[in-house]
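[1] Here's a sequence, model it:
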Amino acid sequence: MKFKNMTEIFTVYENQWVALTDDDKIIASADTLESVLEKASKKGYDTPLTAKIPDSKHEFVLCHL
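    Predicted coordinates for the structure are as follows:
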């Protein structure tokens, strides 16, 4: 399992859905899951990792194996 500090991503994309590559680069962001998946698909990513970034008042752990 790998760990990465994503504080900057959380600050920029607070309260948004994001689509990420396997190496945690942001592909797209949007207000809804449907929209972020559509944007990612248009960029050639049909099955990206997605997450809803919470507001900064909450703790959040994103983990993929």
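
[2] Figure out the length between the terminal residues of stretch 14-26.
    End-to-end distance of stretch 14-26: 13 Å, with Cα to Cα, to the nearest Å as the criterion.

[3] Show the model's pLDDT score for residue 7.
    Among the per-residue scores, residue 7 shows a pLDDT of 73.

[4] buried ones in the helix ranked longest in the chain?
    Criterion DSSP state H: the longest helix present in the chain is helix 33-42. Buried residues in helix 33-42, counted by 16 or more other Cβ atoms under 10 Å: 36, 37, 39, 40. (Glycine included, C-beta is placed from N, CA and C.)

[5] so what's the third one up against?
    When you say that, I think you mean residue 39. 19, 27, 28, 29, 30 (Cβ atoms under 8 Å, 6 or more residues apart in numbering).

[6] If we go by neighbour counts, what in the helix-or-strand element of the chain with minimal mean pLDDT is buried?
    Ranked by mean pLDDT, DSSP states H and E, the weakest helix or strand in the chain is helix 7-12, scoring a mean of 79. Residues of helix 7-12 classed as buried by neighbour count (16+ other Cβ under 10 Å): 9, 10.

[7] And it, what does it pack against?
    Helix 7-12 sits against no helix or strand, with contacts defined as 3 or more Cβ pairs under 8 Å, 6 or more residues apart in numbering; DSSP states H and E.
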